[in-house]
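Undergrad: A structural model of the following input is requested.
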Amino acid sequence: MNVIDQIAGYVNEHAGFETSGAGRQQLIKAIERRKDRESSLEEYLGKLRSSPAELRCLLEDFVVPETFFFRYEESFRTLAQWAGQRKKRPLRILSAACSTGEEPYSIAFSLLEAGWKPRDFQVEAFDLSDAAIQTAREGVFRPNSFRGEIGSWRERFFEPAGEGWRVRSQYLGLIDFRRSNLLLMEDVACWDAIFCRNVMIYFDDPSRQRVSDLLHRALKPDGMLFLGPAEPAAMSAYGWRTTGLEMSFTVQASVDPAMTPSMIKPKPIVLAPRRRAIGYSVPRFTCDALPPEMTVEDARKLADQGRVSEAREMLRRVLAARTDDAGGRFLLGLIEESLGNLAEAEVQYRQALYLEPAHQEAMHHMALLLRQQGRTDAAGRFERRVSRGTAS
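TA: Prediction:
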């Protein structure tokens, strides 16, 4: 085993990250940035093993966060509705891998907009990055953290701060931020809801199983786990069942985690009719009346006609019901890229490859996107995968 492999194994053991494939190239770059020029890889490995602070710095360099307020907005609507039906107070919600804090603040703001009092809920959030946690605690965010239609919630919860926005002082204390990682999560059933979105797709299989087991133990038996768009269907292999709540990307624990999906007969969740608090204006999709028979191919036809925004909204809605459609994820990536949303395009391409690792077009476009951004090592990895697939 060479030294890079040893470092990769150490990182995987302590943080659970996928450090093969494109992740390996990303790790090598992070090592090069952290390692002293005159030091050998062996010396750096020794430093890493003896210094928790250096491990934290390497992990922070390795991770590139992408987040904004009310990302996948229907998840927050679902949370507010579902939480309103739970009797016990306070409600406890965890934001795992919270990055710079946009997600946990969105959780708290959703509950406040729905009429909850601060004393009736607790939101805790953690991330492995000290820098990200510091940003979250300071509560100052750049314009890129606010996307889509901005409603009255920004005026209520934020005040202008230079070119950005600062969380108003009375709301800064709503979230308990701390530095940690998923593998150190409390494994007692104390959380009513856990947000762990777009995290599982970056883990290798053993780490994914390990994190899933922790989530099972940390979540209350009837609790709700909020995931990224491509993750719910794949999580069925780890003892979770989808809730069927449209566009929420939520799962709950199966009756028995050891049961296979075919043995499980899930009890459907029924939410009360939606009641929106006054001034609640989290951005939402405009295609609520979309016929249920619409397909990915219908969205493709709209895109071909130049009706790209309509195609995107239709596709998001279709994929909420068909979360395991790799082709749909790839198409959504193309649309996002055409609109200039490169970070979201990368997420969709990665999710397509998570669902279908041999998806040639997704690999090709990932390579092009990464090379366009100057991430040549990662691009080369995908190009080699494309070449191998073509040769076979």
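Undergrad: Give me the phi and psi angles of the residue nearest to Arg119 when sequence neighbours are not counted.
TA: Excluding the flanking residues, the one nearest Arg119 by CB to CB, 6 or more residues apart in numbering is Pro90, at 6.9 Å. C-beta here means a position set from N, CA and C on the backbone, and glycine is covered the same way. Per-residue torsions, Pro90: phi -80, psi 160 (degrees, to the nearest 10).
Undergrad: what does Leu368 give?
TA: Given degrees, to the nearest 10, the pair of backbone angles that Leu368 has is phi -60, psi -40.
Undergrad: pLDDT value on it, please?
TA: At Leu368, the pLDDT value in this model is 84.
Undergrad: quick one: it from Ser145, how far?
TA: Going from Leu368 to Ser145 by CB to CB, to the nearest Å gives 27 Å.
Undergrad: go on, Leu59?
TA: 22 Å.
Undergrad: Check Met200 too.
TA: Note on Met200: its distance to Ser145, by CB to CB, is 23 Å.
Undergrad: Hmm, Tyr349 is touching Met366, no?
TA: Yes - under the criterion of CB atoms under 8 Å, Tyr349 makes contact with Met366 at 4.6 Å.
Undergrad: When Met200 and Ser145 are compared, which one has more neighbours?
TA: Comparing Met200 with Ser145 by other CB atoms under 10 Å, the one with more neighbours is Met200, at 22 against 18.
Undergrad: so where's the stretch 51-200 of the chain uncertain?
TA: By pLDDT under 70, the low-scoring segments of the stretch 51-200 of the chain are 63-66, 186-188.
Undergrad: any chance you could map the strands in it?
TA: 91-96, 121-127, 140-141, 158-161, 164-167, 175-179, 191-195 (DSSP state E, counting those that start in this stretch).
Undergrad: Including distance to Ala30 and mean neighbour count, could the ones you listed go into TSV?
TA: Formatted as TSV, the strands of the stretch 51-200 of the chain follow (distance: least, CB to CB, whole Å; neighbours: other CB atoms under 10 Å):
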stretch	distance to Ala30	mean neighbour count
strand 91-96	22	24
strand 121-127	16	23
strand 140-141	25	19
strand 158-161	31	14
strand 164-167	27	19
strand 175-179	18	17
strand 191-195	26	24
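Undergrad: can you list the ones you listed in a markdown table and add distance to Thr376?
TA: Below are these laid out as a markdown table (distance: least, CB to CB, whole Å):
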| stretch | distance to Thr376 |
| --- | --- |
| strand 91-96 | 32 |
| strand 121-127 | 28 |
| strand 140-141 | 31 |
| strand 158-161 | 36 |
| strand 164-167 | 31 |
| strand 175-179 | 32 |
| strand 191-195 | 33 |
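Undergrad: Does Lys220 fall in a helix, a strand, or a coil region?
TA: Following DSSP: H, G, I helix; E, B strand; the rest coil, the label given to Lys220 is strand.
Undergrad: go on, Gly228?
TA: Applying three-state DSSP: Gly228 is coil.
Undergrad: and it, what are its phi and psi?
TA: When read as degrees, to the nearest 10, the backbone of Gly228 gives phi -80, psi 170.
Undergrad: Quick check: nearest residue in space to it, chain neighbours excluded?
TA: Setting aside the residues directly before and after it, Gly228 is nearest to Asn198 in space (CB to CB, 6+ apart), at 3.6 Å.
Undergrad: who touches the one you found in this structure?
TA: For Asn198, the contacting residues are Leu227, Gly228, Glu231, Val347, by CB atoms under 8 Å, 6 or more residues apart in numbering.
Undergrad: gap between the second one and Arg34?
TA: Okay, so that is Gly228. Going from Gly228 to Arg34 by CB to CB gives 28 Å.
Undergrad: Please identify which of these two sits among more neighbours.
TA: Just comparing Gly228 and Arg34: by other CB under 10 Å the higher neighbour count belongs to Gly228, 22 against 17.
Undergrad: Is it correct that the more buried one is in contact with Ser248?
TA: No - Gly228 lies out of contact with Ser248 (CB under 8 Å); the separation is 11.6 Å.
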